[in-house]
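# predicted structure and sequence below. I'll ask about it afterward.
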Amino acid sequence: MTDEELIGLYFARSEEAIEATRRQYGAYCLAVAGRILGCPEDAEECISDVWLRAWEAIPPLRPASLKGWLGTVARNAALSMCRARARQPERVGDGALELAMGLSLVSVFLMSGSMSTS
């Protein structure tokens with residue numbers, strides 16, 4: 001399917017537009033996002049955003065190069081995800097939390113034990 005045909009599907013508001021775009025440019029957009037994000041799951045989520053943005057932008061936009069435009073959208077969406085991640089505080093895993101709690105309890109126990117022997 002040509003880019004003009006794909007864009008025509010968007011202008012017709014055909015839901016097939018997204019699926020056809022995914023088939024034609026999905027691997028390319030996934031590679032762009034994946035190189036930036038480094039995590040396949042995040043890249044997949046990012047690409048879902050790309051298809052939504054394409055649906056919202058076309059029409060009225062009629063990109064001269066659909067592949068180039070989608071690559072730019074994928075790059076920008078991935079960079080936005082990176083910025084959002086950087087703003088979030090780092091989360092402590094359950095194992096680390098349990099270890100910290102366990103060490104705290106041991107410390108309390110040892111301190112109470114040493115106090116009672118004095």
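It's in.

# report the central residue of the chain.
residue 42 (3.4 Å; C-alpha atoms, centre = their mean).

# and for it, nearest residue in space, chain neighbours not counted?
residue 81 (6.2 Å; C-beta to C-beta, 6 or more residues apart in numbering). Where C-beta positions appear, they are placed from N, C-alpha and C, glycine not excepted.

# where does the protein dip in pLDDT?
88-118 (pLDDT under 70).

# ok, now with 80
Applying pLDDT under 80 to the chain flags residues 87-118.

# one step back: contacting residues around the one helix or strand the residue nearest to the centre of the chain maps to?
According to DSSP states H and E, residue 42 maps onto helix 40-57. The contact list for helix 40-57 (C-beta atoms under 8 Å, 6 or more residues apart in numbering) reads 10, 17-18, 21-22, 26, 29-30, 33-34, 37, 70, 73-74, 77-78, 81.

# thinking again about what came up before, quick one: the helix or strand where the residue nearest to residue 42 lies to helix 40-57, angle?
For residue 81, the element it lies in under DSSP H and E is helix 66-87. Calculated by axes from the mean of the first three to the mean of the last three C-alpha atoms, to 10 degrees, helix 66-87 forms an angle of 120 degrees with helix 40-57.

# and helix 66-87, what does it pack against?
Where contact means 3 or more C-beta pairs under 8 Å, 6 or more residues apart in numbering; DSSP states H and E, helix 66-87 is packed against helix 3-11, helix 16-37, helix 40-57.

# send me it as CSV with only the CA atoms.
Coordinates of each C-alpha in helix 66-87 appear next as CSV, following Å, rounded to 0.1, in the frame of the first residue of the first chain:
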residue,chain,number,x,y,z
LEU,A,66,4.6,9.2,6.0
LYS,A,67,7.6,7.0,7.0
GLY,A,68,9.7,10.1,8.0
TRP,A,69,6.8,11.7,9.8
LEU,A,70,6.0,8.5,11.7
GLY,A,71,9.7,8.2,12.6
THR,A,72,9.7,11.7,14.0
VAL,A,73,6.5,11.0,16.0
ALA,A,74,8.0,7.8,17.4
ARG,A,75,11.2,9.6,18.3
ASN,A,76,9.3,12.5,20.0
ALA,A,77,7.0,10.1,21.9
ALA,A,78,10.0,8.0,23.1
LEU,A,79,11.8,11.2,24.3
SER,A,80,8.6,12.3,26.1
MET,A,81,8.5,8.9,27.9
CYS,A,82,12.2,9.3,28.9
ARG,A,83,11.5,12.8,30.3
ALA,A,84,8.5,11.5,32.2
ARG,A,85,10.6,8.7,33.6
ALA,A,86,13.3,11.1,34.7
ARG,A,87,10.7,13.1,36.6
